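My questions concern the predicted model and sequence given below.
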Amino acid sequence: MRKIKTIMVLLSLVAAISSAEAQQLPGVTATEKVTVTLVKEGSGITVRKVSYLRSNNIVLVGNLFLPKNFDANAKYPAILCVHPAGSVKEQSAGLYAHRLAEQGFVTLAFDAAYAGESGGTPHWSEAPYERVEDIRYSTDYLVTLPFVDENRIGALGLCAGGGYVIATAPTDRRIRAVAGVSAADIGAANRESWLRGRSVEEQIKILEDVSSQRTREARGEELMKVYMCPEPTAKTAPSFREGYEYYRTKRAWHPRADNFYLRRSQATKMAFSAIENIYLLTQPVLLIAGEKADSDWQTDRFFRALPGKDKKVFTIPGASHIDLYDKAKYVDSAVAELATFFRRTLNAVSNHE
């Protein structure tokens, strides 16, 4: 009897493996926690750890979220979820990827080059134009999946990730709809400062300091790392005060996200503009911002620069910039609005074509 039971278990395992192979699921089963923020049990979401190659032989690693009752023979709309600067896929991007998969989308949250599990050296580089390339190559990856409808791909970015999506979509027309949550242009934020008001002379002084540091590193000094969100002082902007709590305490700390970036990255950030080609961004755009966000000037700047008619700012009462990263009642509101937006825009594209 025991032998028969053992054989039945083995046959069940073989059948399960055969079924997975028949579905041609990518990657491997994700075995570690895929989001540091708790999500409800029993959602039926399948998560696969995937990797793919981008330029410069850099391997990007992501978590692919498949909706409940996933059918590999069907065609799904897909959404890229792009994390903030100094973040990893298991933080806010992973949470939104999971929640949008619950709404029926295939979603992909991936680590940027030089961050998390992805390759690229030196790590801790925040390289904006490379982040744009990450999005292009992640779109390349999605269009290779037989169950993804290549005409129904959207992109969502959080904080700096929102700026990176806005910078990519004008010239990558495979991205049919764009959304940003607490979206920020990392270039403008580093030139003008988060709360604005930094003079040109002050900007030049920063760039001279960074240039001198890079010279020292070229001559053999160790690469200088600094915190994205240092310990707050009386002068710390609210978002960075909250950022310290989010990234550097148990609230959302992750072992692959130590919140450092290379000091030399300050120059590459200040050289970037998320709105340089925004006049070409005619796809539908949804911007979600907290009512109390100190980044509201960035949301307004994006909205005013967008040339298309299908654009909207959705403001969540009572929320700050960082609140939208993980606080349940605010994330619930954001996800509901995102799901409505992506259903309308991506299905419209599909039906039109």
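Sure thing, it's come through.

packing partners for the host helix or strand of Val331?
Assessed by DSSP states H and E, Val331 sits inside helix 328-352. For helix 328-352, the packing partners by 3 or more CB pairs under 8 Å, 6 or more residues apart in numbering; DSSP states H and E come out as strand 76-82, helix 92-101, strand 148-158, strand 175-181, strand 285-290, strand 311-316, helix 323-326. No exception for glycine: its C-beta is placed from N, CA and C like everyone else's.

average model confidence for the first one?
Averaging the model's pLDDT scores along strand 76-82 yields 98.

same deal with the fourth one?
Taken as a whole, strand 175-181 has a mean pLDDT of 98.

pretty sure Ile135 contacts Leu80?
Yes: when contacts are counted by CB atoms under 8 Å, Ile135 is listed as touching Leu80 (6.4 Å).

Just the helices from the stretch 51-200 of the chain, written as ranges.
Per DSSP state H, counting those that start in this stretch, the stretch 51-200 of the chain carries helices over the ranges 92-101, 128-143, 160-168, 186-192, 200-218.

Tabulate the helices and strands packed on helix 328-352 (CSV), appending mean neighbour count and distance to Pro230.
Output for those, formatted as CSV (neighbours: other CB atoms under 10 Å; distance: least, CB to CB, whole Å):
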stretch, mean neighbour count, distance to Pro230
strand 76-82, 27, 24
helix 92-101, 28, 20
strand 148-158, 24, 21
strand 175-181, 27, 24
strand 285-290, 26, 22
strand 311-316, 18, 27
helix 323-326, 23, 18
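
Any idea which of the ones you listed gets closest to Arg131?
strand 76-82 (7.8 Å; CB to CB).

what's the span of stretch 259-269 from first residue to last?
One end of stretch 259-269 sits 16 Å from the other (CA to CA, to the nearest Å).

shift numbering so it begins at 38
From this message on, residue numbering opens at 38, which makes the last subject stretch 296-306.

So which bits of stretch 301-316 are buried?
301-307, 309-312, 315 (16 or more other CB atoms under 10 Å).

and of the residues you listed, the nearest to Asp369?
Ala311 (27.3 Å).

looking at it, that closest one is touching Thr205, isn't it?
No: using CB under 8 Å, Ala311 makes no contact with Thr205, being 9.3 Å away.

How is Pro269 assigned, secondary-structure-wise?
coil (DSSP: H, G, I helix; E, B strand; the rest coil).

quick one, what contacts it?
By CB atoms under 8 Å, 6 or more residues apart in numbering, Pro269 lies in contact with 277-278, 281.

So for the protein, the centremost residue is which one?
The centroid of the chain falls nearest to Val119 when counting by CA atoms, centre = their mean (1.4 Å).

that older thread, what touches both of Ile172 and Leu117?
Residues touching both Ile172 and Leu117 (CB under 8 Å, 6+ apart): 192, 202, 212.

give me the beta-bridge partners of the last one?
This means Ile212. Ile190 (DSSP bridges).

if we can go back for a sec, can you redo the buried residues of stretch 301-316 as TSV with pLDDT and secondary structure?
Below are the buried residues of stretch 301-316 laid out as TSV (pLDDT from 0 to 100; DSSP: H, G, I helix; E, B strand; the rest coil):
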residue	pLDDT	secondary structure
Arg301	97	coil
Ser302	97	helix
Gln303	97	helix
Ala304	98	helix
Thr305	97	helix
Lys306	98	helix
Met307	98	helix
Phe309	98	coil
Ser310	98	coil
Ala311	98	coil
Ile312	98	coil
Ile315	98	helix
